[in-house]
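# sharing a model prediction with you, sequence too.
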Amino acid sequence: MNAVDIAGVGMTEFGKFPDRSPRSLVHEAVSAALTDAGMDGARVGAVYVSNAFGGSLQGQDSVRGQVWLGETDVAGAPVFNVENACAGGGSAISLARTAIVAGEVDVAVAVGVEKLTHPDRSKAITAMMGALDQEELPALRRSLGLSDGGSPFMRVYAGFAEAYMARSGATQEDFARVAAKTHAHGALNPRAQHRRAISVEEVLAARPVEGPLTVPMCAPIGDGAAAVVLTSAALASAGGSPVRLLASVVGSGRRGEDGLLVPGTARRAFDAAGISPQDVDVLEVHDAASPAELIVLEELGIAGPGEAVGLVRAGETALGGRIPVNPSGGLVSRGHPLGATGVAQVVELTDQLRARSGDRQVEGARLAVAENAGGYLGPDAAAAAITVLAR
């Protein structure tokens, strides 16, 4: 089986950019990744483009990748458009890796992009409802006690948080600790949407959202793009500073299963990579709301049941701790342009393994894991992608 390396990465800043188009965001990210890889775009054999809401928000219902890549150096390469809700970025990387492993191409690009800002903010919220089962939506709203116009997502995350509090002894202050830690990381990231460190007290005093959640615990709406260049290991070894892609696994949820991470996905990824959770040095996890970080750490096996809260209280998940989580600032600080998120996680971890993350560098990092999830079937996520990287 062909080994796969990440030869180059690139991304835009994340934020609200009303004057930028998906095309311009994609061009910046792809150009940066190709430059980082020292790669001519003509060598790219396939491009996988992750986007969730280009149809709803930009009216680009089809051929999004072909349109948005048109001014890049990879224009004309076969393009595969990927939609898997918030897990689209991780899914695009998995598909690009599969093409190389199969020997179909030597070089592939995975790019994720989302343009969520819109003159009518309600359009982004309405578009996000498409990540739910539409036939079951009325029943879901009733079960959550929401009016017909209410959005279920933060109510769902609040429910996961409340359940975690009941079984672990975690408190709202613990969730605020997670958020404050993550915003402190984001303050060190020049590409993050929110770059201001905030205290635990400020998190707790912020505007309530749902249940124990306050605004700084929740991912913002924003825009951005990220790209990675994947190559066969034989090609990558000819130059540059590649990072080995040990595993990239996607799982799909089934109604009735409980968890933020599709059951079995982490085990499949770790088995494929030949590692255990205890081997991991640094993680990027899908913290659409801060309590999700604790829940996912346990579902990944990084911590035992009810033990992740102890890691946070001890400072172990912060930079300088034993197992830093979300050094980029995570979704709540770096930002969450849905289709770009999973790719941006891998950009961050590649930079970490190359020891080029500046003030947020995790010293001695050799093994990294990204967890990217999306959609909701109730009570399980619809999709999850786990990526394992090594240097």
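Cool, the structure landed. Numbers count the residues shown, from 1 in each chain.
# any stretches of the stretch 51-200 of the chain with poor pLDDT?
By pLDDT under 70, the low-scoring segments of the stretch 51-200 of the chain are 147-150.
# can you pull out the strands in it?
Using DSSP state E, counting those that start in this stretch, the strands of the stretch 51-200 of the chain run over 79-82, 107-115.
# dump the ones you listed into JSON lines; add mean neighbour count and distance to G378 as well.
The way it works is simple: take the backbone N, C-alpha and C, and place the C-beta from them, glycine included. Shown next, in JSON lines, are these (neighbours: other C-beta atoms under 10 Å; distance: least, C-beta to C-beta, whole Å):
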{"stretch": "strand 79-82", "mean neighbour count": "20", "distance to G378": "23"}
{"stretch": "strand 107-115", "mean neighbour count": "31", "distance to G378": "24"}
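# of these, which is nearest M11?
The stretch from those with the least distance to M11 (C-beta to C-beta) is strand 107-115; that distance is 9.0 Å.
# just to revisit the earlier point, of the strands of the stretch 51-200 of the chain, which is nearest S122?
strand 107-115 (15.8 Å).
# distance from that closest one to the middle of the chain?
Mean-position distance between strand 107-115 and its chain equals 13 Å (C-alpha atoms, centre = their mean, to the nearest Å).
# and V309, what helix or strand is that in?
helix 308-313 (DSSP states H and E).
# mind checking what helix or strand follows that helix in sequence?
helix 330-333.
# now do the helix or strand following that next one against strand 107-115: the angle between them, please.
Counting by DSSP H and E, the next helix or strand C-terminal to helix 330-333 is helix 338-353. If you take axes from the mean of the first three to the mean of the last three C-alpha atoms, to 10 degrees, helix 338-353 sits at 130 degrees to strand 107-115.
# quick one: average pLDDT of the helix holding V309?
On average, the pLDDT along helix 308-313 is 98.
# what helices or strands is that helix leaning on?
helix 172-186, helix 291-299 (3 or more C-beta pairs under 8 Å, 6 or more residues apart in numbering; DSSP states H and E).
# ok, and what's touching stretch 123-131?
Stretch 123-131 is contacted from outside by 52-53, 56-57, 85-86, 116-118, 137, 151, 153, 221, 374-376, 382, using C-beta atoms under 8 Å, 6 or more residues apart in numbering.
# again, only using 6 Å
Residues from elsewhere that reach stretch 123-131, judged by C-beta atoms under 6 Å, 6 or more residues apart in numbering: 53, 56-57, 85, 116, 118, 151, 221, 375.
# only the buried residues of it, if you could.
Neighbour counts over stretch 123-131 (16 or more other C-beta atoms under 10 Å) mark 124-125, 127-128, 131 as buried.
# what would those look like in TSV with distance to A161?
Shown next, in TSV, are the buried residues of stretch 123-131 (distance: C-beta to C-beta, whole Å):
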residue	distance to A161
A124	23
I125	21
A127	24
M128	19
A131	19
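# in helices only, show me those.
Among those, the ones falling in helices (DSSP state H) are 124-125, 127-128.
# neighbours of E28, how many?
If you count neighbours by other C-beta atoms under 10 Å, E28 ends up with 21.
# so what's it up against?
T12.
# also D279?
L367.
# need phi/psi at it.
Main-chain dihedrals, D279, degrees, to the nearest 10: phi -80, psi -10.
# that older thread, and the ones in helices among the buried residues of stretch 123-131 as TSV, adding distance to V243?
Shown next, in TSV, are those (distance: C-beta to C-beta, whole Å):
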residue	distance to V243
A124	33
I125	36
A127	33
M128	32
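# now, which of those residues sits nearest L204?
I125 (25.5 Å).
# how far away is the closest one from A234?
Distance, I125 to A234, by C-beta to C-beta, to the nearest Å: 47 Å.
# same thing with L116?
For L116 relative to A234 (C-beta to C-beta), the value is 39 Å.
# more neighbours: which of the two?
L116 (24 against 11).
# spit out the contact partners of that one.
By C-beta under 6 Å, 6+ apart, the neighbours of L116 are 124, 221, 223.
# let's see it at 10 Å
Counting by C-beta atoms under 10 Å, 6 or more residues apart in numbering, L116 touches 16, 52-53, 57, 123-125, 127-128, 220-224, 335-339.
# among these, name the buried ones.
So, by 16+ other C-beta under 10 Å, the buried ones in the contacts of L116 are 52-53, 57, 124-125, 127-128, 220-224, 335-339.
# state the distance from the residue lying closest to A127 once chain neighbours are set aside to G130.
Distances taken as C-beta to C-beta, 6 or more residues apart in numbering put S56 closest to A127, at 3.8 Å, once the chain neighbours are dropped. S56 is 7 Å from G130, where distance means C-beta to C-beta.
# V49 too?
In terms of C-beta to C-beta, V49 sits 18 Å off from G130.
# for the stretch 1-150 of the chain, which segments count as helices?
Using DSSP state H, counting those that start in this stretch, the helices found in the stretch 1-150 of the chain span residues 22-37, 54-58, 64-68, 88-101, 121-128, 137-144.
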